[in-house]
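Undergrad: Have a look at this prediction, sequence included:
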Amino acid sequence: MSERCVYCGMRLEERAVRARIDGETLFFCSQRCAVLYKAMGPKGKVKARIQSERIEIIERLEAKRGTRVLTLVHRREPWAEGEGGLITIEDSEALVAQIRRTPPEKPIDLIMHTPGGIVLAAEMIAMAVKKHPGQVTAIVPFYAMSGGSMIALAAHELQMDQESILGPLDPQIDGFPSRSLITLPARKPVEVISDQMLVLSEMAQRSVDQVKEFVKWILEDKLPPKDRDAVAVFLTGGYLSHDTPIVPRVLKELGLNVKEGIPDEVYELFRTYEFGTCARPQCAAY
Ligand SMILES: [Zn+2]
């Protein structure tokens, strides 16, 4: 008998419900779960079984590390047609609520894999991460770019593989790198720049100023003021192209708290996702 409910992933008690569905004998925690599972279409059934498997892996990791494990993973789901996605307001609402529900002293492991996304959503998550009283470890097995990098930097500790990467935090405005927009009026007479580009140029300056201050704030308890300001300028000023990989060695040189090594359970979790067509880091909206 499998140890967990096929539908909800709950550990099975002695009173597990047995049901024969699609020629298979399956076990559920309750009649309700059996009925709900039976009513699902083929894709829904795939989703329920994979999510149940993920719960089992995550609970194992939580028991091993004594942490609450949360995930922010944008990789294609085996049951979905669409791509892996970006950081959205829905992500931030879900994750912020999960962080708030975690007891204050409980350490959190945040498993991250994302090309970035909406600035506001990333900032909301970063604030919740920074303010959690227990230690928060951002675990990045492959990459967390852009807004994902911002959230990772808000954690008290980073845990990465040697080749895992973060990326620069310079905002992209309407598809343009902010630094290119900011320097535009210095390179061309203002009369020949369109109104739209002038407005974007001003927006870019405000956006960079805001993100830079935010990064200074998330780093204030991690680096001495002078280093903190220099790192914030380096990451937000657009001196690197937006898809430049920043590896653990560089992060350590910047003075950040990076541990190398990813728990096996994290790779096990990633095997439950589809490889391939998630949004590439260079397509990040921010
Ligand atoms: Zn159940």
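TA: Received the coordinates, thanks.
Undergrad: Now for Asp227: which residues touch it?
TA: Residues in contact with Asp227 (CB atoms under 8 Å, 6 or more residues apart in numbering) are 254-255. Where you see a C-beta, it was placed from the backbone N, CA and C, and this is true even at glycine.
Undergrad: Please give the element, helix or strand, for it.
TA: According to DSSP states H and E, Asp227 maps onto helix 225-236.
Undergrad: Could you tell me how far that helix lies from the centre of the chain?
TA: 22 Å (CA atoms, centre = their mean, to the nearest Å).
Undergrad: gap between the next helix or strand after it and the chain center?
TA: Helices and strands here follow DSSP H and E; after helix 225-236, the next one along the chain is helix 248-253. From the chain centre to the centre of helix 248-253 is a distance of 20 Å (CA atoms, centre = their mean).
Undergrad: cool, and stretch 28-43?
TA: In terms of CA atoms, centre = their mean, the centre of stretch 28-43 is found 30 Å from the chain centre.
Undergrad: Give me the residues contacting that stretch.
TA: Contacts of stretch 28-43 (CB under 8 Å, 6+ apart): 5-8, 10, 12-13, 16-19, 21, 26, 45, 48, 79.
Undergrad: For that stretch, which residues meet the burial criterion?
TA: If you call a residue buried by 16 or more other CB atoms under 10 Å, then stretch 28-43 has these buried ones: 28-30, 33-34, 37.
Undergrad: and that stretch with the ion, contact?
TA: Yes. Contact of stretch 28-43 with the ion (CB under 5 Å from the ion) involves 29, 33.
Undergrad: So what does the residue in the stretch 51-200 of the chain that the ion sits nearest to look like in phi/psi?
TA: Going by CB to the ion, the ion is nearest to Ser52 of the stretch 51-200 of the chain, at 8.3 Å. When read as degrees, to the nearest 10, the backbone of Ser52 gives phi -60, psi -40.
Undergrad: count of neighbours near it?
TA: 19 (other CB atoms under 10 Å).
Undergrad: got it, and the one 5 residues further on?
TA: One way to gauge burial is a neighbour count; for Ile57, by other CB under 10 Å, it gives 19.
Undergrad: which is the next helix or strand following the one helix or strand it maps to?
TA: According to DSSP H and E, Ile57 maps onto helix 42-65. Counting by DSSP H and E, the next helix or strand C-terminal to helix 42-65 is strand 68-73.
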